[in-house]
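Q: Provided below for reference: sequence and predicted model.
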Amino acid sequence: MKPVAPGPLGGTARCGTSKNAGIRVEVCGWASPYVIGVIHFGGFKPADNPSKMFTQVRAQVEHPAS
């Protein structure tokens, strides 16, 4: 697991790579004072840059309370 930019929602984030049944899997997790989360990217190539996609996906699934 390596530190990655957490994006505009802040907190801390890390991503790491593994394999499951021969398929490359990238796992990114994040934590802030109010939420924790994990996203799995299966079958992506390193050139797809899952660590960068992480911030886009997180912004779509996590919304600050109003």
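A: Nice, I can see it.
Q: tell me the phi and psi of the residue nearest to the spatial centre of the chain?
A: Compute the mean C-alpha point of the chain, and by Cα atoms, centre = their mean the closest residue is residue 28, 3.1 Å away. With angles defined as degrees, to the nearest 10, residue 28 sits at phi -120, psi 130.
Q: wait, doesn't it sit right on residue 56?
A: No - contact criterion Cβ atoms under 8 Å: residue 28 and residue 56 do not qualify, at 11.2 Å. Glycine gets a C-beta too; all of them are placed from N, C-alpha and C.
Q: related to what we said a few turns ago, for the residue nearest to the centre of the chain, list the residues it contacts.
A: 4, 13, 14, 15, 38, 39, 41, 50, 51, 54 (Cβ atoms under 8 Å, 6 or more residues apart in numbering).
Q: and what of residue 48?
A: Here residue 48 is in contact with residue 41 (criterion: Cβ under 8 Å, 6+ apart).
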